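Colleague: the following comprises the amino acid sequence and a computationally predicted model.
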Amino acid sequence: MPFPAFSPADFKVFEIPGFAERMEAIKHRIRPKLEAVGRALSPDVGRLGGAEAFTHVARHMRRTVNPPDDTWVAFAGDKRGYKKHCHFKVAVSRGAIRFLFEAGPEHADKKRWTAAWKRDAPKLVPVLRRARGLAWFKNEHDETPSAILSDLPAEVVTRLADELTRTRDGQLVLGRVVTAADTARWKPADYAHAARETFALLAPLYRLR
């Protein structure tokens, strides 16, 4: 399957109330598309990061009662997993699709990464603020961003990195969101373009050391 489009029926999967029923729909309807997204984008992420990128499609193995409100494919430079590293993600939920960069709660060295962000902020932040529609999400599962980066002063964008170390569950999530209604007019090439453009803008954060 080439880079797929997501249909209105795909988004409605997240309206299914039962755990088993929603998980079954995710497995058979959404997961194959995310696997195709992974195959399509992993070479691009590898080029952006300067090393091979591995795909990780969410399995939701820890869930037994409450069905997930979103599902995703993540990209990182570690074959064994992505959560301990900065990673990219394409996430699908009831009302939107999101193209994200994340440094999450399980990042292996939050303090070092935050220090690197602040060191390079004078170069990074102006570029991020000029990008159309690039946003900050308070939580990786949020459909609605907390702020558009271009609306924030540069010093506020710089301080967003502190979200990673402020609490034990701290995270930094940046990216773009496209509503399910807007994607009704999209073709597969539109998804591919949005993902590649967003990841390219955020690639300096993915490479940050």
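Modeller: Here it is on my side, so go on.
Colleague: what packs against the lengthiest helix in the chain?
Modeller: Selection of the longest helix in the chain by residue count, based on DSSP state H, yields helix 110-130. Helices and strands touching helix 110-130, by 3 or more CB pairs under 8 Å, 6 or more residues apart in numbering; DSSP states H and E, are helix 154-159, helix 163-166, helix 188-206. All C-beta spots, glycine's among them, are computed from the backbone N, C-alpha and C.
Colleague: any chance of those helices in JSON lines, with mean neighbour count and mean pLDDT too?
Modeller: Shown next, in JSON lines, are the helices and strands packed on helix 110-130 (neighbours: other CB atoms under 10 Å; pLDDT from 0 to 100):
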{"stretch": "helix 154-159", "mean neighbour count": "15", "mean pLDDT": "97"}
{"stretch": "helix 163-166", "mean neighbour count": "16", "mean pLDDT": "93"}
{"stretch": "helix 188-206", "mean neighbour count": "18", "mean pLDDT": "97"}
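Colleague: and of those helices, who's closest to residue 97?
Modeller: Of all these, helix 188-206 sits nearest to residue 97, with 7.4 Å by CB to CB.
Colleague: tell me how far that closest one lies from the chain's centre.
Modeller: 10 Å (CA atoms, centre = their mean, to the nearest Å).
Colleague: from the contact counts, what lies against it?
Modeller: helix 31-49, strand 87-93, strand 96-103, helix 110-130, strand 172-179.
Colleague: would you list those in a markdown table and tack on mean neighbour count and distance to residue 71?
Modeller: A markdown table is the format used below for the helices and strands packed on helix 188-206 (neighbours: other CB atoms under 10 Å; distance: least, CB to CB, whole Å):
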| stretch | mean neighbour count | distance to residue 71 |
| --- | --- | --- |
| helix 31-49 | 18 | 7 |
| strand 87-93 | 25 | 6 |
| strand 96-103 | 24 | 11 |
| helix 110-130 | 16 | 25 |
| strand 172-179 | 21 | 15 |
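Colleague: looking at those, spot the one closest to residue 16.
Modeller: strand 87-93 (12.9 Å).
Colleague: returning to that earlier point: just send the helices and strands packed on helix 188-206 back as TSV, with distance to residue 151 and mean pLDDT too.
Modeller: Putting the helices and strands packed on helix 188-206 into TSV (distance: least, CB to CB, whole Å; pLDDT from 0 to 100) gives the following:
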stretch	distance to residue 151	mean pLDDT
helix 31-49	26	97
strand 87-93	22	98
strand 96-103	18	98
helix 110-130	9	96
strand 172-179	14	98
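Colleague: any idea which of those gets closest to residue 64?
Modeller: Comparing the helices and strands packed on helix 188-206 by CB to CB, helix 31-49 comes nearest, at 18.2 Å.
Colleague: next, the angle helix 188-206 makes with the longest helix of the chain.
Modeller: 130 degrees (axes from the mean of the first three to the mean of the last three CA atoms, to 10 degrees).
Colleague: what element comes up after helix 110-130 heading to the C-terminus?
Modeller: strand 135-137 (DSSP states H and E).
Colleague: any chance you could list what contacts that following strand?
Modeller: Strand 135-137 is contacted by residues 98, 100, 145-149, 152, 157, 160, 173-177 when judged by CB atoms under 8 Å, 6 or more residues apart in numbering.
Colleague: I'm done for today, thanks for sticking with me.
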